[in-house]
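Student: coordinates only, sequence not included:
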């Protein structure tokens, strides 16, 4: 094996490792074109009045469904923790994922806490980003499958009553450069 081929194989192995779990500095982004979904999450208790978040406990569930009849969809899932203004860089966890035809999964607060290694007693906010590359072997820029992405958001007051519930359907953005 030539040195160039060895380095290429090593580069691929390093890139794949960075995709499975990475930080903001170690991630390897998809090369355009690809589709991107950005779903907001807010999780956990807020104990004091804030300028934009009221006291209560917040929960998010992002539902992801592959509506393709015969095709599995591979994608990159990023959990991006928003940092406080003026704070050091936020954290990003990056994972490769795949959904079979007509299969769904859920990304909820418990999973987000676990992936970010944060205590569930902490209020956190950020985004679940899904990036879908073109299907290999398709012509031109390639066929980019779409997913159904729906966010379910709820809030409970201090006494446990539901004070808010919302459902949001997210549309993909085409990333071209």
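Tutor: Cool, the structure landed. Owing to the predicted nature of the structure, the values given are computational and were not obtained by experimental measurement.
Student: low-confidence regions, the chain specifically.
Tutor: Along the chain, the parts satisfying pLDDT under 70 run over 1-29, 50-52, 86-89, 137-142.
Student: just the strands in it please.
Tutor: 34-46, 56-65, 73-81, 92-99, 104-108, 124-132, 148-156, 162-170, 173-175 (DSSP state E).
Student: from the rest of the structure, what touches the shortest one?
Tutor: Taking contacts as C-beta atoms under 8 Å, 6 or more residues apart in numbering, the residues outside strand 173-175 that touch it are 30, 32-38, 131, 144. The C-beta positions use only the backbone N, C-alpha and C, and glycine is treated the same way.
Student: from the chain's centroid, how far away is that strand?
Tutor: Taking C-alpha atoms, centre = their mean, to the nearest Å, one finds strand 173-175 lying 15 Å from the centre of the chain it belongs to.
Student: contact partners for the nearest residue to residue 118 once chain neighbours are set aside?
Tutor: Spatially, and ignoring its direct neighbours in sequence, residue 118 is nearest to residue 124 (5.9 Å; C-beta to C-beta, 6 or more residues apart in numbering). When contacts are counted by C-beta under 8 Å, 6+ apart, residue 124 touches 41-44, 81-82, 112-113, 116, 118.
Student: would you format those residues as JSON lines with neighbour count and distance to residue 55 included?
Tutor: Converted to JSON lines, these look like this (neighbours: other C-beta atoms under 10 Å; distance: C-beta to C-beta, whole Å):
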{"residue": "41", "neighbour count": "24", "distance to residue 55": "19"}
{"residue": "42", "neighbour count": "18", "distance to residue 55": "14"}
{"residue": "43", "neighbour count": "22", "distance to residue 55": "15"}
{"residue": "44", "neighbour count": "20", "distance to residue 55": "12"}
{"residue": "81", "neighbour count": "19", "distance to residue 55": "22"}
{"residue": "82", "neighbour count": "15", "distance to residue 55": "19"}
{"residue": "112", "neighbour count": "22", "distance to residue 55": "21"}
{"residue": "113", "neighbour count": "18", "distance to residue 55": "20"}
{"residue": "116", "neighbour count": "19", "distance to residue 55": "23"}
{"residue": "118", "neighbour count": "16", "distance to residue 55": "20"}
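Student: nearest to residue 149 among the residues you listed?
Tutor: Taking C-beta to C-beta as the measure, residue 149 sits nearest to residue 41 out of the contacts of residue 124, at 12.3 Å.
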